[in-house]
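[1] Kindly generate the corresponding structure for this input.
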Amino acid sequence: MKRHKRVIEIVPATEVHIEELIRNMNDDCIKECQAFGKTPKVAAEEAFQRSDEAYTGLTDGRVGAVFGVVPFALLGSTGRPWMLSTELTAKEWLYTARASKKFIRHTLRRYERLENAVDNRYKLSIKWLKWLGFTVERPIVNRLTGIPVCLFHMDRDKLKEK
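    Take a look at the predicted model:
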């Protein structure tokens, strides 16, 4: 029997992708949304709408992940990277890792600093962020939800050192 080769592509994100993401979001991402006091629907829609650029990772035409960067301030030089995913991302982890590294390099051409926060319970995401080169701080309690989160950041200068 001939084995099917997956077609993986990165395309500009659309509202249709966001709808599919919301329906199929993985459990860790759902918990992360809740750690910040948001439903998966609100978190995905807000991130998409506020991003200056957002992309979708498709596997055989199905949404694996949607990711982007939200400007911290209108004229600021800090961006807030984000990614929400389905179970397909875990199956295509190597491709996801390579694509995310390219996206971070691309994003740091526009922004001097990238920063955001991650649910402390999402250990795989923390490991991935460190692999990408982000500094991940010690957990602090989110006052809104009581759930520990870790701030993470990377400066353009750090990328040049590598």
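[2] what about the nearest residue to residue 51 once chain neighbours are set aside, how many neighbours?
    Nearest non-adjacent residue to residue 51, counting by Cβ to Cβ, 6 or more residues apart in numbering: residue 68, 3.6 Å away. (Glycine included, C-beta is placed from N, CA and C.) Residues lying near residue 68 (other Cβ atoms under 10 Å) number 23.
[3] quick check: longest helix of the chain.
    Selection of the longest helix in the chain by residue count, based on DSSP state H, yields helix 93-110.
[4] so after that helix, what's the next helix or strand?
    strand 113-119 (DSSP states H and E).
[5] so residue 52 sits right up against residue 76, yeah?
    No. At 11.2 Å, residue 52 does not count as touching residue 76 under the criterion of Cβ atoms under 8 Å.
[6] returning to that earlier point: identify the residues contacting the residue nearest to residue 51.
    13, 47, 48, 51, 52, 53, 54, 55, 81, 82 (Cβ atoms under 8 Å, 6 or more residues apart in numbering).
[7] center of this structure - which residue?
    residue 83 (1.8 Å; Cα atoms, centre = their mean).
[8] Which pLDDT value belongs to that residue?
    Per-residue confidence (pLDDT) for residue 83: 96.
[9] where does the protein have low pLDDT?
    Along the chain, segments meeting pLDDT under 70 span 1-5, 74-75, 159-162.
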